[in-house]
Every structure is written in structure tokens, then in C-alpha cells.
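> Provided below are the primary sequence and the corresponding predicted coordinates.
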Amino acid sequence: VGFALAWAAVNLPPAIRGVRGAYFAKTVEPEELSRVGNLASCAGLFGGFMGPLTSVAVNKVVGSEADYDDWFNAFTASASISLGLFVVCLVGLAVTLDAPKKKNSDSNRSFAYDQKSKENRICERCDRELSPEEMTLLQPLCDKCFRRRCERCNRPFSNEELEKQLENQTALCDGCWDNFGGPDKSWKKFRLEVLVSFCVLSMLLELGMNAAVIATFQPLAVGHFRWGNNAIAAVNFMGAGLSVVISLTMAYLRLAERVQMALAASLYFFGVLLYVMPPLSEWRLVVGLMLGIKAQILFMAPFTAIFSRLIGGMRVTNNLSTCLCLAPAIGAAIGTCLAPAFVRVAGTPSSLLAVVPSALGLGFIIVRWQWLNQGNEQRRPT
């Protein structure tokens, strides 16, 4: 039980991708979201590249698998290294991340302000000096921190709409709010549709991959093919290295987001199919695992980029991004719970059932192909 709880705690930090997604949506140009996401994933994968090397080195220096009767062994040494790295990351984030600016809580505040006041010559959110054009406007905020025109139709906000923007910055006029997703489909309805669709899609892909591949690889490799720790570490090392190369390649090629997402979903599907296809084969297990790891890396960057475009960067919140990034984690958890059943039927036709979730996810992308490009079609210059 203690090990299970510790393992859950160790796997909790990747939820920070939700915060990262919201930060990128607000600070990165829409056409650069996927590339920046790939570069961020590549940086993170460096740890995955070094982890297996560290594991092998610790086994050589501290002791082999046979030394687990001692309190200090290869396992506790590796766990101590992980703990130290987590602490370093915590301190680094605490030092480098800026505290959020507090919003003005005075609901009765007038739009008018004294332009001669030095305080009001500075944007109250980003502390940037206001330009002469911005100083002629009603609110002491720069254009980047506070939009004064509708993001979709480019119409200037009325005073009433500006008041609403102070409370809830959606960058939408009343007309675009009411018809954001089409006639009589408001922003809230469209947001719910996009969020549910993307969450279900990511859950399906991760459910199939974890039920059939990720969670079953080590039991099958060790129990059926008699692999040792070094062989598994070598596969992880190779997978991490290939992931770095693929992430850099995708960032260089700058493929359209929906093309990259469809490619990743195809890797999910074919990775699971190759892995579970009877009879059991050692090389197909390795190739299926590699395809699955690559699919997970390729998928998240365009996935979050398309979500941000559909919703709109100004309207992506930490809550939305966290829900989006928790969905694949929930799918992975469900898949892991189903993994023992697939270990028992591995190598039989019954194991092909694991392909169904990935097939459904790929089918969704194909059916909604035009819809996934809606964020590009609706963007207008401001």
C-alpha cells in the first residue's frame, strides 16, 4: 500500500501540463503552439533519456537486484536521487515563476482615470509603460493585457461590454458570445462540447494503450520472456532517445496540428494492434511499446494547441487545461486497472479487444477532421 501511494504521488506532477498549457495559450502565438509544445516535451524527455542510464549506473555502483535485503540498495538509492531532483525542481519553480498580479477588486471603479498620474502611466497587470495611444483609452491596461475589441468580429466593445470584460475577460462581444459555435450555440455550450469531446478522445487513446501495452509490457517481458532490469532499462533508454529525436523533428517540420494529431492517433492504433496481435512475439512487444511511447509524445502538443485555438487563447484557463490533461490520466488509470485481464489473455484473439478504444479515437479524428481546423478558420486579425 505504501509503495502504491508513493507511486501515485510520483506520477502526480505531470498534471502541471495543464498549467503549462494555459500559460502557453496566453503567451505563445497560436501558430507556434504546437512547435513550442514539442520543444517543451523534448526538454522534459531529456530526463527520460537520462533516467535509464542512471538506473543502470546505480545498479553497478550500489548493488544488483539481489541486494534488496539491505536497507540501502539500488532501489532506495534511485528513489533518493528522484526525491532530490523533485526538490530541485520545486525550488527552481518557486524562484523563477512570477506571482500572479492581483486583480482590482473595486467593482465601483470608474473607467476614467487621471492620465497625469504616474501610477496610471503603467499597466496595472504587467507593469509595462503605456503608449500614448493606450493612455488615451479609458482603462490603465495595455492592449495585450486587456482587449478593447472583440477577438472574432473586431468590433470595439461598448462601455457595458467593457465592464463585463473587467469581470470575465472572454474577448467576445455579446453577439459573438451568443453565437460562438454557430447560430444559437453560445460560448458556454461550445466550450462544453469541445472540452467533453477532447477529454473523451484522450481517455479512449490512453485507455487502450495502457490496458494493452504500457501496463502489460514489464509483466510480459519479465514473466514470459525472462527479461532482467538492464534489458528493460535499455528499452526505456532507446524509447526516450527516439522520443527526443521525434519531438525535435516535429518542431522542425511544423506540421499542421490536426495532421500531427492524426499521425499520433494512428500510432496509438497500430502500436496496440501490433502489440496484441497473436501469437506473442518479443520483437512486436518492443515495437508496439516504442510506437505507444512515440504516440503519447506526439499527441499532447497538437492536442492542446487545437484545444486552445478552438476555445481561444484569451479564454483558456488553468481549470480548463487541467481538466484536459487529467482526462488522459484518468484513461490511463482505467486502462491500468484492466491490464491484468489483458495479461491473462495475451497472445489470444481476446486481446484484440484492446484495439477498440484506439480505433474509436482515430475514427473521431477522421469524422471531425474539418471541425478540428475550426480554430484556424475563425481567427481574424486584430
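It's in. Numbers count the residues shown, from 1 in each chain.
> pretty sure Leu298 sits against Leu263.
Yes - counting by Cβ atoms under 8 Å, Leu263 is a contact partner of Leu298 at 6.4 Å. Where C-beta positions appear, they are placed from N, C-alpha and C, glycine not excepted.
> the more surrounded of the two?
Leu298 (26 against 17; other Cβ atoms under 10 Å).
> wait, what's in contact with the more buried one?
Ile246, Ser247, Met250, Gln260, Leu263, Ala264, Leu267 (Cβ atoms under 8 Å, 6 or more residues apart in numbering).
> how about 6 Å then?
Ala264 (Cβ atoms under 6 Å, 6 or more residues apart in numbering).
> ok, and for the helix or strand containing it, which residues are buried?
Assigned by DSSP states H and E, Leu298 falls within helix 282-311. Residues of helix 282-311 classed as buried by neighbour count (16 or more other Cβ atoms under 10 Å): 285-286, 288-311.
> and the next helix or strand past it?
Elements were assigned by DSSP H and E; along the chain past helix 282-311, the next helix or strand is helix 318-344.
> following that next one, which helix or strand shows up next?
Downstream of helix 318-344, the next assigned helix or strand under DSSP H and E is helix 355-367.
> what inclination does that following helix have with respect to helix 318-344?
Angle of helix 355-367 versus helix 318-344, following axes from the mean of the first three to the mean of the last three Cα atoms, to 10 degrees, is 140 degrees.
> so how far is helix 355-367 off the chain centroid?
Distance, stretch centre to chain centre, for helix 355-367: 19 Å (Cα atoms, centre = their mean, to the nearest Å).
> likewise stretch 303-318?
Centre-to-centre, stretch 303-318 and its host chain are 12 Å apart (Cα atoms, centre = their mean).
> how long is that stretch end to end?
Terminal residues of stretch 303-318 lie 16 Å apart, using Cα to Cα, to the nearest Å.
> same question for it, mean pLDDT?
For stretch 303-318, the mean pLDDT works out to 82.
> burial count for Thr317?
Thr317, neighbours per other Cβ under 10 Å, totals 14.
> what about the helices in the stretch 51-200 of the chain?
74-96, 132-135, 159-167, 174-178, 187-209 (DSSP state H, counting those that start in this stretch).
> the helix holding Leu298 to helix 318-344, inter-axis angle?
160 degrees.
> off-centre distance for helix 282-311?
Using Cα atoms, centre = their mean, the offset of helix 282-311 from its chain centre is 11 Å.
> same question for stretch 231-249.
The chain centroid and the centroid of stretch 231-249 are separated by 19 Å under Cα atoms, centre = their mean.
> just use 42 as the starting number from now, easier for me
New numbering, starting at 42: the last item is stretch 272-290.
> buried ones in that stretch?
Residues of stretch 272-290 classed as buried under the neighbour-count rule (16+ other Cβ under 10 Å) are 273-274, 276-281, 283-285, 287-288.
> please apply the same query to stretch 224-240.
Neighbour counts over stretch 224-240 (16+ other Cβ under 10 Å) mark Ser227, Trp228, Phe231, Arg232, Val235, Leu236, Ser238, Phe239, Cys240 as buried.
> name the nearest residue to the fifth one, sequence neighbours excluded.
Excluding the flanking residues, the one nearest Val235 by Cβ to Cβ, 6 or more residues apart in numbering is Leu351, at 5.0 Å.
> cool, thanks, talk later.
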